[in-house]
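A.B. asks: Dropping a prediction and its sequence here:
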Amino acid sequence: MSGYELGQTAIEDTFAEAFPMRYTRVLITAATEAWALEAARSMTGFATSVIGCKCEAAIERGLAAAETPDGRPGIAVLLFAMDREGVGKRIVERVGQSVMTCPTTACFDGLPGAQKTVALGQTLRYFGDGFQASKVIAGRRYWRIPVMEGEFLVSESVGVDTGVAGGNLVIGAAEEDVALAAAQAAADAMRGEGIALPFPGGIVRSGSKVGALTSKSMPASTNHQLAPTLRAQVDDTLVPDGVGAVFEIVIDGVSEDAVRESMRRGLHTAAGAGATHVTAANFGGKLGQFHFPLSELRDPP
């Protein structure tokens, strides 16, 4: 294996391959941070991959009361889809089912300067059955939808911009508990403004490849090259001897720089947390226009 070492961790000379996707950011506020978090967790459920979930979404960060439009504690959520239409469909579904239904919440546009928008309150207002009302504040329209506890306040629309999805790190070690601890530490370090880690806890155990060896109808199947139990059964394994468990962290971000710096933080943290091997998944550079060579992440954050 070519590459370099960070302490006792071997870093492979390869790259992560990522794609452009459209995204939006919503700010969920509530009477307490706990209720804002409940709404955000529900909204981002079953949103790990566009392959099966039609979108990818995650909590971006918590918001202090001073950072939100209504002066209450909140949570920023990022949602990614393949196009603006996809963002529009998913954001209405998820805010309508998971935020409007949650006690005390309100929902605001987190990309107020975006050139493109999709409808949010403009569509959800019909739930008000004719009793909804609109209000313009500082040039922006909001809808007040009556609910059993009072009103759900929601922005008429939310901004949509172009981000980057599919950045990744693949973290391995001899033992499962060591590999998982390193991946958890890396995921914690990688979160931050402009970053979404859509898989459970930010970590995926079932990394995939495009298509399948046994079926033409499968859009994706297990990445057999990175499965330690298949090392002796396949000719193209990428799992080094001595690595018994591998975990992948998939990163979506608002920009190429945001993804790159998140990967840098994760790489150095994983190396310091017991990982013996770090690599990345790609498709030979043929499918994604964004490439993140691990060799460019050698300098610490």
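C.D. replies: Thanks, I have the structure now.

A.B. asks: so residue 4, which of the three states?
C.D. replies: strand (DSSP: H, G, I helix; E, B strand; the rest coil).

A.B. asks: and residue 154, what are its bridge partners?
C.D. replies: residue 107, residue 143 (DSSP bridges).

A.B. asks: Quick check: pLDDT value at it.
C.D. replies: pLDDT for residue 154: 98.

A.B. asks: Am I right that it is in contact with residue 143?
C.D. replies: Yes: the criterion here is C-beta atoms under 8 Å, and residue 154 meets it with residue 143 at 5.4 Å. Placement of C-beta: from N, CA and C, glycine included.

A.B. asks: Looking at those two, which is more packed in?
C.D. replies: Neighbour count, other C-beta atoms under 10 Å: between residue 154 and residue 143, residue 154 has more, with 28 against 23.

A.B. asks: what is in contact with residue 154 and residue 143 at once?
C.D. replies: Shared contacts of residue 154 and residue 143 (C-beta atoms under 8 Å, 6 or more residues apart in numbering): 121, 124.

A.B. asks: Chain neighbours aside, what residue packs nearest to residue 42?
C.D. replies: Counting by C-beta to C-beta, 6 or more residues apart in numbering, residue 42 lies nearest to residue 98, which is 3.8 Å off, once chain neighbours are set aside.

A.B. asks: show me what contacts the one you found?
C.D. replies: By C-beta under 8 Å, 6+ apart, the contact list for residue 98 reads 39, 42-43, 45.

A.B. asks: tally of neighbours for residue 216?
C.D. replies: Number of residues near residue 216 (other C-beta under 10 Å) recorded here: 6.

A.B. asks: what secondary structure does it sit in?
C.D. replies: Once three-state DSSP is applied, residue 216 turns out coil.

A.B. asks: if we can go back for a sec, tell me how far the residue nearest to residue 42 lies from residue 36.
C.D. replies: Distance of residue 98 to residue 36, given as C-beta to C-beta, to the nearest Å: 12 Å.

A.B. asks: The residue nearest to residue 42 falls within a strand, correct?
C.D. replies: No: assessed with three-state DSSP, residue 98 is helix; it does not lie in a strand.

A.B. asks: and it, how far is that from residue 232?
C.D. replies: Counting by C-beta to C-beta, the gap from residue 98 to residue 232 is 45 Å.

A.B. asks: Could you pick out the longest strand of the chain?
C.D. replies: strand 157-173 (DSSP state E).

A.B. asks: Residue 199 touches residue 250, doesn't it?
C.D. replies: Yes: between residue 199 and residue 250 there is a contact under C-beta under 8 Å: 5.9 Å.

A.B. asks: The two - which one has more neighbours?
C.D. replies: Neighbours around residue 199 and residue 250, counted as other C-beta under 10 Å, are more numerous at residue 250. The numbers are 24 against 19.
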